[in-house]
Each structure stands twice: as C-alpha cells, then as structure tokens.
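Novice: what would the 3D arrangement of this be:
(chains A, B and C)
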Amino acid sequence: MVMKNPKLAQGTRRKLVPLQVLVPVVSTVIALGIGLLIIAATGASVVEAIEAFWDGMAGSDFNIGASINRAISLALVGLGFIFASRANLTNVGGEGQIAMGGMFATAAALHGAGGLPLGLAFIVPLAVGTVAGAVWGGLAGFLKAARGTNEVISTLLLSFIALPLVYWSVESFHLLRKPISDVSSLPESAEIPDSTKLPLLFPDNGSPLHIGLLIAAIAVVVVWLVLKHSTLGLRLRAVGLNATASRRAGMRTSFYVILAMTVSGGLGGLGGAIMILGQQFYLTSDFSSGYGFDGLVVGLLSRGSAVGVVIGALLFGFLRSGSINMEISAHVPSAVVLICQGLIVIVIAASALLTNRTVTR
Amino acid sequence: MALLELSGLTKRFGAFTALDDISLLIERGEVHCLLGENGAGKSTLCNLVFGVHRPDAGTMTLGGEPFDPRGPAEALQRGVVMVHQHFSLVPNMTVAENLMLGRASAVLKPQDIIVRMEQLAAEYGLEIDPEARIDELSVGERQRVEIIKCLLGDPQLLVLDEPTAVLQPDEIDALLAICRQVALRGKSVILVTHKLGEISRVADRTTVLRQGRIIETVAMEGADIRSLVRSMVGRDVQSAGSVLAAAVDIEGKTPAKSSSVGPTSPGEAVLQISDLVYRDPHGVPRLDGLSLTVGTGEIVGIAGVEGNGQSELGLILAGLAAPSAGAIVVGGTQVTGCTPQEITDAGVGIVPEDRHAVACIKELSVAENLYLGAIGKFSRFGLLDKSARRKAAETMMRDFDVRASSPDVSMASLSGGNQQKAVLARELSLDPLVFLLAAQPTRGLDVGAIEAVYNRIRAARDDGLGVLLISSELEELMAVSDRIAVIYRGKLVGELAAGSFSREAIGAMMSGHAHV
Amino acid sequence: MIDEHMPVFIGSGLRLAVPIIFAATGEMLSERAGVLNLSLDGMMLMSAFTAALASWATGSPLIGVAAGVLVATAVAGAQAVLSVTLRANQLVVGIGFNILALGSTTFLYREIFGPLSRDPIPGFAQLNLPWLVHIPVIGPALANQTGLAYVSILMVVVTWLILKYTSFGLAVRAVGEDPRAADKAGISVARTRYLGVLYAGILAGLGGAFMSVADSNTFTENMTKGAGYLAITAVIFGGWNPWYTLAACLLFGFATALQFLVPALQLDVPVALLLLLPYLLALVAIAGFVGKSRQPSALTIPFERGG
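Specialist: Okay, here's the model as predicted:
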C-alpha cells in the first residue's frame, strides 16, 4: 500500500534532490580520477598532460571559443534528450538527427539560401536543418504511437540509416559532393557561402564563438520553461507516466508522443545545422561522429534538468577540446576521455536504483 | 501433528502492516478456508507461505521442520504449491511446455508429462490437450492447467488464492470437488475466498482475517455463518450503518432501508444503452446485446460475478474501449465510440474500476490530479498558474474532505480512501455533469472512506444525477442502489426494484439461473 | 565478368556474415530471456583487441580466441550485474560499455602497438576442405574459410537445440515472456538472465575474435564498425528465431559485400544505400509492416518480485 504520512513522504522526496545532483558529480569526479590514473600508468607526465589539456580547453580566446562552440551542439542534443524523456521516451538517435540536420542545412546553404537578405541566409538553413531533424525524430514518435515500436530501437536504427545517407550525399556528384577540381576530390561538399555562416560574436579578438551560443541559450530557457512551468510540459509528463489515465483525462496521447519526439529530433537537427554553419562549413561523411552519443550522455547526466544540460555540455565540450590538444602536445591518446565518458554513463545508470527509489510500497 | 504451523507472522509494506502476528495450524487432510474482505491480508498470507514475500517477524514449520522459503522455488521443493489469483502461465507456450517449466531435467521430456497428465485426468477428471497454447484456452481451462501444474509434483499443501473469482458456476463446482478430493488423499488445502457459499460447501475449518489479524478459527460443522460474516465485516454498527445492515442479512431478507434512500420515482433517462456488443481483441464476446437505462436521480446497481462484462462496460462508458455494436446516449447526446474528452463534454463523470491505472497518476501532485482533465484551466500564455491552481485545489479538497498535508504532495502519498475522494471530487466537479459511473468505488478502502464514498454517491443522486454503480460486493449494491440489474455473460438477465432486493434472487441470476 | 567476381563476392559475404552470426545468435538467446545487450558491439571490440594482443604475444591464435572470449564474457558479466541485479536501464548501460570499449581499445592499441602498426598477427589458416571445393559456384567460397566460420554455424544449431529441447531453453523463453510466471514456477529469473547474457558474451567474444585473428589478422581502431548493432538488427529482423536470424545475418553480410561487388561490376548503385539497407529492413520489420515479428514481452524490462 502507500505511505499514510504525507510529511514523511515529503521528507523522503526532499532528501532525494541532492542525491540527483550528487551522483553525476561524484561519478564524473571518479571517472576523471581514473582517467588521470590511466595517464599516469602510461608513464606520461601527468602534469604535462593536464597542462596540455588545460591549454586545449581554455588556453586562449580561440580555444575557449572552440570549446563553447562544441558545447552548443551537445547542449542542443541534450535538451532534445530531456524533452523526450519528459514524456518517458528515450531518444538515443541524436547522432542521426544531427546528421540529417547538418546534411539538409548544407543543402540549403549551398542551394539558394546564400543570396537571401537580412540574415535569412543562415536562418533558413538553420530552420531547414531543424525540420530535417524533427522529421527524423518525429518518425520514431509516429512509429511508437501508431505501431507501438520501441523508440529506443527505432531511433537507433534511424541513426544507422541517416549516416549512410550523409555518406551518399557527399559521395554523389549530383547530390552534395563538390565538383572535382585539380586540388582535391575528397568525398565532401563544397564550402558553404560566407553569407550562410553563423556571424561571430567577437569578430575582433579571433574567437570562433558564434551566435549559436545565443540560439542555444534561448533553447535552454524555452525548454526549461516548457518542461517545468507549462501546460504542455505537464501534459507530456502525464502522458509519459500513465498513458491510460491521461487518455481518460482527455489528452490525445499519440499526439504528445509524436510531438515530444519531433521537438527532440528538431533540437538535434538544429545542433547538426549549427555544427556545419558555425564551425565546419562543409559536409563530410562523418561530421557528426560521436556528437550524438556525447549529447545523449549530457542528457543523461543532467537528470532532466535544463541547467544540468548546460553544465554537462560545457564539461564535455571542454573535455573534447582538451583531449585533442593533450594528444597533440603531450602524446596521451584522446581515447582516455572516451574511457572516462563510458565510465560516467555506466556509473550513473547503475545508480538509478539509488536515485529513483520511490516512496510507494 | 499439523502439517503447517505459523506462529507470530508479521508482514509490513512500508508503513502499512498487511499481516500482524498471525498464528495458525493447518492439519493434514483438511480444507482450510481463509475468509476476509479485500485488503484483509489473505493474499499476503498465502504469499508468505509460498515464499513470494518473506515475513518481517514470526516463524513457520512444515511437517515439523523449520520452513522459511526464500522464494517459490524453495517452497515448491518442500511440497507447497499455489494457484494464484492471477494466472502464472506463459501465454505463448503450450500446456505441456508450461507444465515442464521449472522441473529438474536437463533435456525436456514431453512424453513423461503427457503420461503424468493422463494419470491426473484419471484420478481427478482434469483433462486438457497438452499441445494447446495457453492463450487459446478459456479462463476455466487455464485454471485447470494451473491445478494440474500444482498436482504434478504430488504436493503436501495446495494453496488456492481466490480461485473462483473468475469462474462460471459449473466450473466452481468442479473446482470445489477437486479440493475435497485432494484433501481426501491426505494432502492439505488452503482456500482463500470471500464467498460464503463456497466455504459452507467445502471447508473443514475456516479462519477469518480482518485488517491483517486473525479474528477467529472455527470448525465448520454446525458453525453459524452469520457469526462468520460478523467477524469478517466487523464493522461498528453505529459508524457503518447500512453496510452492516446489508451484510449481516445473509438469509436473504430485504435490508432495512436507511433514511438516505432517495427519490422513489426517477426522472427522465440520462443514460440509454441499447444492444451494446463488445468483442475483445481475441474476438471473444464480452458484452452481448446489453441494454440499460438510467434515469435522473436514481442509482442503478450492476451485480454480477467478476468477468461477466462489467469491466468492459466500464471501459466503454469511459471511452477507453470502442463497442463493436450498439449505441450509448447520454442526455440526448450520442457518445457511442466517442473519445474520453467528448464523453466528458457530454456530462459524464467516471470513477473507474482501476484507480491506479486509469483514475489518477500517482507520481503527480494532488492538485495536478484534481485538474488532470483541465490542465489549461489555470494558465496564461501556456504557462501554468500554479498558485491559482493550488488555491482552487485547496477549496476542492476541503469540500470533499480529501486529507493531505498540501495539494502539492504526490498522489501516491495519500491513503487509498483519500485518493478515491480526490477522484470523486474531480469527477463530481465537472460541468456539465448529468451522469456518474462508479465502478468498484470502494475496493480496498477502509470503513470510514467507504461511508464517505457512499454518501457522495447518494448526494449526487439527490442532486439529480443518474448514477451507475458497478460492484462485486452484493452488500454494497443492496445498501446504495435504487434498482439492481444483474449481468451474466455480457447481458442483463434480470432486475430488482428497491424494496424487493433478495440475496437469493440476485445470487441465482448471477449464476445464470433465470429470474423467476 | 560475373563469373570471376562471384566466388570472391560469396567468400567475402560469408566472411562478413560470420562475426554477425556469432554475435546475433548469442544475443538472440539473451533477448529471449529478456535482456537486450546494446553493449554487444563493445564486447566484440574488446574481444577483437584482446584476441589480437594475446595472439601476438603468445603466437597462438587459439589462445587469442580464448582470451578474447574471456574478456567479452567479463563485459557481459558486468552488463548482467548492472541490468539484472541493479535493474539499471539496459540500453544506457550498453551505450556506456560501447563508449568504454571504444576508448579503452583505442587507447591500449596506441599504447601497445603504436599508431602505425600494420604488422600481421598470428591468425588461423583457411581449412580448404577438399570435399566442399567441388560444389559449383559456392564451393570454393565455402571451403576457403577458417575453422571458426564453421563453428558459427554450429553455434546456431546448438542455440536452436538449447531453446527447443532443454529445460534451460524453456526457462529462457518463459523468463523473457512472463518472468512473473516463471518465477512462480520455481525458476530463478536472475540466474536464467545472467546465463543468457553470459552466453551472448561468449558468442560475441567469438565473433570479435574472428574479426581480428581469423579474418584480417590485424586489429584496427573501432574495427567492428558497428557490427554489434548490425547483429542486434539481425535479431530483430530475424524475429527472435535462430534460423531467421541466421538468414538475416547472411543477408546483411552479402549486402555489405555488395559494396565491393558493385564498383567491380561498374554498376551505378550508390554504396550508401547498400549500407543502410539492413537497418531499413529491420526498421520495417519492427514497425510490424512485414510478417508478425513480436519481441519477447519482457525484453528490456527488469524483473522485481512482487505480490
């Protein structure tokens, strides 16, 4: 049966809140500690490695900007993950949604958007990329609502369908592959026109930081408002917790399942579009490599909180930048960071029993 | 020497004490009935004996040896078998496969099982096709498989947890006969039930449980059924009023109507159901041409053995299942096959049978549950106005006596009675509202909450609502209804007006014998 | 022209299918018991690396295979502890292990072999079975396989026998379909699921080891390239049936091999479309548009005993 004493129940709930913060923090610290131990075990100088790591993360305006730019896309994918999980849906297809977003944004930028006025030159490709990701996520939502297909399996499969599509688009001359020139004929798209690149925030000091930061900040606030304080957020939560009771209360559960996955995918698609328009400027077959799963990890770490997503995305954005420099300068393989990430995910998943303990029974 | 001895068994779930200091002897060769209302602790007791749960205190001995099963596997090893309230058969496997499950032998030997099944068929008359798949069998056949499964290993103790709730009368007869035969062979049977008729037919001794405690254990020879009922219900006459008046009247006389009986002449029809047919996803007909009218200002009770279509009727009225044929009209509006929202808009309030699955979302707060169907009511530009909602919820909680420390605590932290009061509050506050369906509205509630629910239902009737009360508790129906219709195999087979309720007549109709 | 390419195509199709057959067959059994191991790819990658390392260090590919299987089984054991005992989200745990496997194998590979190592490691020789060679068209391709390739088919037969004729197999099916009923029949749900996951680990280990010591005689970073996911896809597409799963693996193997055949035949079919074909087929299958492949009811759902 249930607890009879509401005060007791409330007390238990209050105690759970710090645990939800504590677990990700502790597991991150432990994982990073293990990372350091591994570095030490290789015989490399830990101090040198950390210095190179720090330098790569934040050694210059350029590095800081690059790290934050990485964090922007991770944050968008992470926001998408928590949006879907509000409706009790697990979107593990961030990789595919990024890929679709990036691919369609590139197509829009190369074919037509370049000449548009008033910033539409980059806004239109961003929108096109968002829609592409939304369609890709919404497809999984539709399959869930209409056919009962497990969204974890479908988003995963959709990712593995999206990646070859990107490969196809940069392999094929009548799609996005740039024409063969005498310089090179790599399978990649042509560079997008300058007008479609995202404007830099600080063009004077050499920082690559672009307005994607503002877009991500707006997305964070909007997602936070919707999930915590809106009627839509409450409906998503109700549908996710108990579809039958929600249906009885007059909600169209299929609609909310599709909507949650569409928005989730759209955020991933926007993240992919920003990667191309803000940083990479041309499409390659593996441009999204690892971002989807990193974004998923960010979403997991945040435990459903938009603020948590921001922290997690910054952590991973800086980790990635740092690890790349560590490999170049201190000759420590960047894969150490992957090991840390894997450990973080595993420890957090393992502690779910601890943090999700409910009061009932 | 007794086969099974329980001493001082106690089991708690969180703050709820399901069993409190239970001591009991089960003799060899006896059929021992456990009698008690819903929530009295019968199932928990069985689950302790079968190792599904472990006691928080107390000990058991089996055949004189200490007995502390850590799981069903260990209980089975010691010769204790159990037929559960919900079948535990794997639906997409065959009968023979289910019977082989959990038997020690590395390689499957279907032939051995078939031979053993033939023996049991000869011994007890339990026949069934070993190659049939479970999901193709009827409920009665599935239960036969459960019993065969239990008897395969030649057990010492057979535990049956409310085995008759889902059975047709002839199937019940067969089952009770098997119980006697098992006991005749020197084995012991524990039979859980809340049906008095079964007890007097099969039990050697009966133990009455109430609120987790043993009230009495009596030998059935020459026992007074009335006193058993009194022990089982145990309600204070003053506080429970008509509930007890109805419950103790097992001889079949009409209970004295209390002053709260409403208008004698119901008004125009608010609910008209005509020729309703419903087939479940397997094509089995669950409702078979049911027709019913409920007028304004009357409470119509639906009586019936569970599994005769009541649940399906409730789901269809709630908009959670679409009828295969027939029509439902509420206050002049066609609502056949409409969505839940359209049904609500037509003025229908629903207190569903399964509170946790359908009526509320236990993880959400009380306020959120009170306005689950009107989330947009307290919002500006799509953002929730939580303080306005909290104020409105507080008012509603006061009006309906929903006791919680605040509207913001989770629904799960409320007692069952307060949860049900919250559901009633929400449904009775709908506007418009012309009709209320209350399906098993007091299941699992304590006495105080039961009275509160009855009073709410009666007050709704007095306000002019039409009320349909679906219940498996005959006493409840006789105490609250103005009219009782009996459902049997998906149709109404008879009807009794207030003042002519007779336990015998209703019971006969419930078991399929035509109304005389 | 087709004639000269055919034996090569069939040979490479089979070789590409073998690791998937191993992994999918084990995974099928584990999923029938209700545990989905998204970590399959990680198990294979760990095994591929360990097998390469052990084979290189000892000179014996057999020891390599044993070491690979051991490591993959250890990963499976960890997956089982987390998803069965601790009831963690099976999918999230799986993704975690895959990231960890990619990170640790890449790291160790660079530390031990150095970034540019291309030295072949000791591997198995092809058997060249004389009595198979003479079958027309497919004969040479069938005969020129390493012993492990034949073991993969053997494992399909073994798995089928287990599921159909042993009480362990019956328990596996019951636990994946209705764990509560199985529990009440006296079966240990946890034990059955542990064994299922470990079985998946052993077979994934064989599949991973095949990649490094039997197929390519080398290890490369992220050499599984998602073969584990492909194996899970094959299980879905094969409808959780051993023979259909085998057929799905062969189909996927040949679909992948087509990407070498198509350019050789100078056909204008985008290779990318061949790469996504298996996943598209699986998506269509689980969406229920083809046949009635129904997943085990309790797949990915942790079991907790209740009243």
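
Novice: can you classify the closest residue to C:Thr85 other than its chain neighbours by secondary structure?
Specialist: Excluding its sequence neighbours, the residue lying closest to C:Thr85 (CB to CB, 6 or more residues apart in numbering or on different chains) is C:Ala190, at 6.7 Å. The C-beta positions use only the backbone N, C-alpha and C, and glycine is treated the same way. Secondary structure for C:Ala190, judged by DSSP: H, G, I helix; E, B strand; the rest coil, is helix.

Novice: below-threshold pLDDT in the stretch 101-250 of chain A: ranges please.
Specialist: Low-confidence segments of the stretch 101-250 of chain A (pLDDT under 70): A:113, A:173, A:180-185.

Novice: what about B:Arg185, how many residues nearby?
Specialist: The burial count assigned to B:Arg185 is 11, neighbours taken as other CB atoms under 10 Å in any protein chain shown.

Novice: what does it show for phi and psi?
Specialist: Backbone dihedrals for B:Arg185, given as degrees, to the nearest 10, come out at phi -90, psi 20.

Novice: for chain C, give me the ranges with low pLDDT.
Specialist: Residues of chain C that meet the criterion pLDDT under 70 lie in C:1-3, C:115-119, C:127-143, C:289-294, C:305-307.

Novice: helices of that one, start to end?
Specialist: Defined through DSSP state H, the helices belonging to chain C, from first to last, are C:2-32, C:40-58, C:61-80, C:90-112, C:130-133, C:139-143, C:147-165, C:167-177, C:179-184, C:189-209, C:227-237, C:242-264, C:271-286.

Novice: ok, which of these comes nearest A:Asn91?
Specialist: Of all those, helix C:90-112 sits nearest to A:Asn91, with 11.2 Å by CB to CB.

Novice: buried ones in that closest one?
Specialist: Neighbour counts using 16 or more other CB atoms under 10 Å in any protein chain shown place C:90-111 of helix C:90-112 among the buried residues.

Novice: rewinding a little: any idea how far the residue nearest to C:Thr85 is from C:Ala182?
Specialist: 11 Å (CB to CB, to the nearest Å).

Novice: these two: which is more packed in?
Specialist: A direct count of neighbours by other CB under 10 Å for C:Ala190 and C:Ala182 places C:Ala182 higher, at 30 against 16.

Novice: nearest spatial neighbour of the more buried one, skipping sequence neighbours?
Specialist: Ranked by CB to CB, 6+ apart and with sequence neighbours excluded, the top spatial neighbour of C:Ala182 is C:Ala174, at 4.0 Å.

Novice: looking at it, that neighbour is touching C:Ala181, isn't it?
Specialist: Yes. Judged on CB atoms under 8 Å, C:Ala174 makes contact with C:Ala181 at a distance of 6.5 Å.

Novice: what about the closest residue to B:Lys11 other than its chain neighbours, helix or strand, and which?
Specialist: Residue nearest to B:Lys11 in three dimensions, not counting chain neighbours: B:Leu19, with 4.3 Å by CB to CB, 6+ apart. For B:Leu19, the host element (DSSP states H and E) is strand B:16-26.

Novice: kindly report the same for A:Ala66.
Specialist: Using DSSP H and E, A:Ala66 falls within helix A:61-86.

Novice: tell me which residues touch B:His84, please.
Specialist: Neighbouring residues of B:His84 by CB atoms under 8 Å, 6 or more residues apart in numbering or on different chains: B:146, B:161, C:184.

Novice: separation between the last one and B:Met82?
Specialist: When CB to CB is the yardstick, C:Lys184 and B:Met82 sit 7 Å from each other.

Novice: shared neighbours, those two?
Specialist: Where contact means CB under 8 Å, 6+ apart, the residues bridging C:Lys184 and B:Met82 through contact with each are B:50, B:72.

Novice: of those two, who's got more company?
Specialist: Neighbour comparison, C:Lys184 and B:Met82: the larger count goes to C:Lys184, with 30 against 25 (by other CB under 10 Å).

Novice: the residue in the stretch 1-150 of chain C that chain B sits nearest to: neighbouring residues, count only.
Specialist: Distance from chain B to each residue of the stretch 1-150 of chain C (CB to the nearest CB) is smallest for C:Arg32, at 11.6 Å. By the other CB under 10 Å criterion, the neighbourhood of C:Arg32 contains 26 residues.

Novice: not counting sequence-adjacent ones, nearest residue to it?
Specialist: Setting aside the residues directly before and after it, C:Arg32 is nearest to C:Gly176 in space (CB to CB, 6+ apart), at 4.7 Å.

Novice: verify the contact between that neighbour and C:Thr300 for me.
Specialist: No. With contact defined as CB under 8 Å, C:Gly176 does not reach C:Thr300; the gap is 10.3 Å.

Novice: so these two - more neighbours on which side?
Specialist: Neighbour count, other CB under 10 Å: between C:Gly176 and C:Thr300, C:Gly176 has more, with 28 against 19.

Novice: show me what contacts the more buried one?
Specialist: Applying CB under 8 Å, 6+ apart, one finds that C:Gly176 lies in contact with C:31-34, C:296-299.

Novice: interface residues of the stretch 201-350 of chain A facing chain C?
Specialist: Applying CB under 8 Å from any CB of the partner chain, one finds that the stretch 201-350 of chain A approaches chain C through A:293, A:296-297, A:300, A:333, A:335-346, A:348-350.

Novice: burial count for residue 238?
Specialist: I'll assume chain A. 25.

Novice: let me rephrase: I mean chain C.
Specialist: By the criterion of other CB under 10 Å, C:Gly238 has 23 neighbours.

Novice: and the closest residue to chain A within the stretch 51-200 of chain B, what element?
Specialist: Among residues of the stretch 51-200 of chain B, the one nearest chain A by CB to the nearest CB turns out to be B:His53. It sits 11.4 Å away. According to DSSP H and E, B:His53 maps onto no helix or strand at all.

Novice: thank you, goodbye.
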